[in-house]
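Enquirer: how does the following fold in three dimensions:
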Amino acid sequence: MPTAKPRARRIYLVFVLLAFVSMVGDGMALFALILAAADQFGSWGVTTLFLTGLIPPILAAPLVGRLVDGGNLRRTWVANLLAHVLLFALMAIADDLLLSLLLMCGASISAVINASAIFKLIPSIRGALPLARASSLIVSAGSLAGILAPPIAAIAYTAWSVQPVLALNALGFTALALGAGLVVPRSSAPADAELPSDGGSRPGARILFTDQLLAVLLVPIAAVVLFTSAEGVAGVFYLRSVAGNDTIYAVMLGAWSVGALIGALVCGNRFLAARVRTPVLLGGALIGAAILAEGLWPNALVILMVFLLGGFGNGMHNVGVRNAVYARIPEAHHGAAWAYLTVVIKVMVGLGFLLGTPGLVVDSDRLIIIAAGIGSLAAVFIAMVGMRGAARRHRAPAGTSAALEQPSSQQEDTGGPRGMGRRS
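Expert: Sure, this is the predicted structure:
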């Protein structure tokens, strides 16, 4: 008979695999629809598709928070995966790109529910695995999905068009729903019954924006998403000119994703797990430095190397953000907090797309990238200054920065805290 700990760890690894497949499926569907929209409608079709991924989740954030925090997580996740099946099946059967763009409004909300449910499930399903390590595995899965989904979708789209890709996703999410129903225990959400009488998602949002540490960390978190999104748009033009051909361009982008995968895994160690702010600030600084170096030195080999470093910081930053939310927000409001944080991220992504479009605000793509690097570094510096000021105002006998570094909730026995950006 296997012992409880190895069995619990295997169950969590299966859970990570299910989450990974769902991320690949969402990524493939989105990328295939981007290619179809570009081919059929041109740039406005792509813009419309991006807007359907940004606006509906922003409007639905309170509902998502109530759904994830106030219901049975197992049923919520399985039902949401089945909603994916229905939406992708309708897109595939209809064979109408305009209808698919409309249905993407529902799919984008469903994707946020999926991410929030996975985020909230982790503490209850991880078994004896330290929370920081459990988070790092999920972020690593997201990084790997970001590497694999676009090329798989591109190959499938070229060979079959968009409908078979969507039909394949519908079948895949059917299997995921069955797997989720088997893997996630019925008692996976003990906090569901502990919601306060106001019941809604507002407490999670209030804590997210008013907690002393999170309020400061939101500055670099939002800035990193804003400026890496701007770099992502300007970089399409800048990096292709530096690379000389699309193969080298793809290799440079892949270097960032590989670095993110490594950074996410490294950030699961005990040293970083015991620190709430360090991964967010250090990761943000590495991202900013990499983008700044990218703009200052237009050399493919230099950019390849700094992208590995920037991706490493990206992976560290993403794990740090998750751990900070786990550490500072009560478990009963994890779903709402993650939904609202997703709103912040999507707003910053939208603004970044606008700021990063050459000719809209700044004509030079290289200048946009240099400004993005400086802006990211400045946001990290502002956050550090803000923390020092807060530490002086709330000086404690045990030390000034310790109160800000430590989680507000109870520490777990592993020494870690008790229970996003760019291309990852």
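
Enquirer: can you list the weak-confidence ranges in the stretch 201-350 of the chain?
Expert: By pLDDT under 70, the weakly predicted segments of the stretch 201-350 of the chain are 201-207, 246, 270-274.

Enquirer: swap in 90 and give it another go.
Expert: For the stretch 201-350 of the chain, the stretches flagged by pLDDT under 90 are 201-218, 229-230, 232-255, 257-258, 260-261, 263-279, 318-350.

Enquirer: go on, the stretch 51-200 of the chain?
Expert: Looking at the stretch 51-200 of the chain by pLDDT under 90, you get 51-78, 80-81, 84, 88, 91-200.

Enquirer: grab the nearest non-local neighbour of Ile248.
Expert: Nearest non-adjacent residue to Ile248, counting by CB to CB, 6 or more residues apart in numbering: Ala300, 5.7 Å away. Using the backbone N, CA and C atoms, a C-beta is placed for each residue, glycine as well.

Enquirer: how close does the one you found sit to Leu67?
Expert: 46 Å (CB to CB, to the nearest Å).

Enquirer: got the buried residues for the helix ranked longest in the chain?
Expert: Across the chain, the longest stretch assigned as helix under DSSP state H is helix 4-41. By neighbour count with 16 or more other CB atoms under 10 Å, helix 4-41 contains the buried residues 8-9, 11-12, 14-16, 18-37, 41.

Enquirer: can you check stretch 144-161 too?
Expert: For stretch 144-161, a neighbour-count test (16+ other CB under 10 Å) marks 144-150, 152-154, 156-157 as buried.

Enquirer: residues in contact with it?
Expert: Applying CB atoms under 8 Å, 6 or more residues apart in numbering, the contact partners of stretch 144-161 are 20, 23-24, 26-29, 31-32, 35-36, 164-165, 168, 254, 257-258, 260-261, 423-424.

Enquirer: settle it for me: which of Ala300 and Leu67 has more neighbours?
Expert: Set Ala300 next to Leu67 and count neighbours by other CB atoms under 10 Å: Leu67 wins out with 20 against 16.

Enquirer: phi first, then psi, for the residue lying closest to Ala371 once chain neighbours are set aside.
Expert: In this structure, Ala371 finds its nearest non-sequential neighbour in Val362, 7.2 Å apart by CB to CB, 6+ apart. Main-chain dihedrals, Val362, degrees, to the nearest 10: phi -130, psi 140.

Enquirer: run a quick neighbour tally on Val362.
Expert: Residues near Val362, counting by other CB under 10 Å, number 17.

Enquirer: and the pLDDT for it?
Expert: Confidence at Val362, expressed as pLDDT, is 83.

Enquirer: I'd like the distance between it and Arg74.
Expert: Distance, Val362 to Arg74, using CB to CB: 49 Å.

Enquirer: and the helix or strand containing Leu86, what does it pack onto?
Expert: Element membership of Leu86, judged by DSSP states H and E, is helix 73-94. Helix 73-94 sits against helix 4-41, helix 97-125, helix 162-183, with contacts defined as 3 or more CB pairs under 8 Å, 6 or more residues apart in numbering; DSSP states H and E.

Enquirer: tell me the buried residues in that helix?
Expert: Judged by neighbour count (16+ other CB under 10 Å), helix 73-94 contains these buried residues: 73-74, 76-85, 87-92.

Enquirer: about what we covered before: so which of the buried residues of stretch 144-161 is the closest to Ala230?
Expert: Lowest distance from Ala230 to the buried residues of stretch 144-161 (CB to CB) belongs to Gly146, with 18.4 Å.

Enquirer: is the closest one in a helix, a strand, or coil?
Expert: Three-state call for Gly146 (DSSP: H, G, I helix; E, B strand; the rest coil): helix.

Enquirer: how about the helices of the stretch 301-424 of the chain, start to end?
Expert: Here the stretch 301-424 of the chain has its helices, by DSSP state H, counting those that start in this stretch, at 334-355, 365-393, 402-405.

Enquirer: same list, those, but as CSV with distance to Arg328 and mean neighbour count please.
Expert: Conversion of these to CSV gives the following (distance: least, CB to CB, whole Å; neighbours: other CB atoms under 10 Å):
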stretch, distance to Arg328, mean neighbour count
helix 334-355, 9, 23
helix 365-393, 14, 19
helix 402-405, 10, 15
